[in-house]
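K.L.:
Sequence below, structure please.
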Amino acid sequence: MDVKSNFSIGEHTVSQMAAFAQSLGWKGIVVCDLYKDSATLDNLNSECKEASEKTGIEVYSGVTIQPKDPKELKKLVSETRDKVMLLIVQGGTYQINRAACENPYVDILMSPEQNRPDNGLDEPCFTAAQINGVSIGLNFRQLLNTYRKIRSRLLDFSKINIKLCKKYAVPLVVVSGAQSMMDMRDPRQLVSIANVLGMDLPHAFNLLSSIPQQIIEKNQKRLEGKIIGKGVEKV
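P.N.:
Sure thing, here's the model as predicted:
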């Protein structure tokens, strides 16, 4: 579950978010704050480790980058990839969406349809995402906090992306996007929204369990130096 803490736009500390997540039944969360600088990421890593020890659930550090163009995306990925467990690119323009799908160091392209008149992705994007292991993210908070025509449009585009993810065998994840404890939802609610948008229940459960776990396990190996390059791993 991707949440934001008071290291960026969130209202509560990492420990507060972790404790509340535990009460909702989560076994782990990822705190993906907006990227500021390397020092902030170092502090976030320390806070996540402390929160995990206090609560008994896994608390991983992540980062959300908001690049202006593909060149900046590449730069920000280079600055952050080896410092956190999860790297999210906030989607938007088609150029950013496609560049994220083509970058094997990106974990999740979040909300590619945001502020767009369409779903934000086409066949080349999905093909690249499948090859590079980039997941497409659906942000529950974004759906919850929009209204009328904007919400209707987001729901329609989300349905399209869910359908196309299935067609092109691209991983899909659903996150809470919580910026406060009151934004957080238990796992069943996130599974339900995916089901309503067209995902069958077995796959909806995978969105919150096996797929995130696979991403974490892959990045644990990367941070431990076990992944040498694409398709090459120390055993």
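K.L.:
Could you report the pLDDT at Ala204?
P.N.:
pLDDT for Ala204: 85.
K.L.:
try Val196
P.N.:
pLDDT, Val196: 89.
K.L.:
Same question for Ile108.
P.N.:
Per-residue pLDDT puts Ile108 at 97.
K.L.:
Measure how buried it is and give me the count.
P.N.:
Using other Cβ atoms under 10 Å, the number of residues around Ile108 comes to 29. No exception for glycine: its C-beta is placed from N, CA and C like everyone else's.
K.L.:
got the contact list for it?
P.N.:
By Cβ atoms under 8 Å, 6 or more residues apart in numbering, the contact list for Ile108 reads Asp2, Leu86, Leu87, Ile88, Val89, Val134, Ser135, Ile136, Gly137, Val173, Ile215.
K.L.:
I figured the fifth one was touching Gln95, is that so?
P.N.:
So that's Val89. No: with contact defined as Cβ atoms under 8 Å, Val89 does not count as touching Gln95 (11.8 Å).
K.L.:
Show me which of the two is the more surrounded one.
P.N.:
Each of Val89 and Gln95 has its neighbours counted (other Cβ under 10 Å); Val89 has more, 28 against 14.
K.L.:
Give me the nearest residue to that one, chain neighbours excluded.
P.N.:
Of all residues not flanking Val89 in the chain, Ala100 sits nearest, at 4.1 Å (Cβ to Cβ, 6 or more residues apart in numbering).
K.L.:
In three-state terms, label that neighbour for me.
P.N.:
Secondary structure, DSSP: H, G, I helix; E, B strand; the rest coil: Ala100 is helix.
K.L.:
likewise Asn115?
P.N.:
Three-state secondary structure (criterion: three-state DSSP) places Asn115 in coil.
K.L.:
Now it: closest residue in space, sequence neighbours ignored.
P.N.:
Gly92 (5.9 Å).
K.L.:
Quick check: phi and psi on the one you found?
P.N.:
Backbone torsions of Gly92, given as degrees, to the nearest 10, read phi 170, psi -90.
K.L.:
quick one: contacts for the residue nearest to Val89?
P.N.:
Ala100 touches Leu73, Val89, Gly91, Val106, Leu109, Val134, counting by Cβ under 8 Å, 6+ apart.
K.L.:
One more: Ser8?
P.N.:
Contact analysis of Ser8 by Cβ under 8 Å, 6+ apart lists Asp33, Leu34, Lys36, Thr40.
K.L.:
between those residues, which is nearest Asp69?
P.N.:
Lowest distance from Asp69 to the contacts of Ser8 (Cβ to Cβ) belongs to Leu34, with 17.5 Å.
K.L.:
Quickly note the distance from that closest one to Val89.
P.N.:
12 Å (Cβ to Cβ, to the nearest Å).
K.L.:
show me where pLDDT drops low in the chain?
P.N.:
Filtered on pLDDT under 70, the chain yields the residue ranges 226-235.
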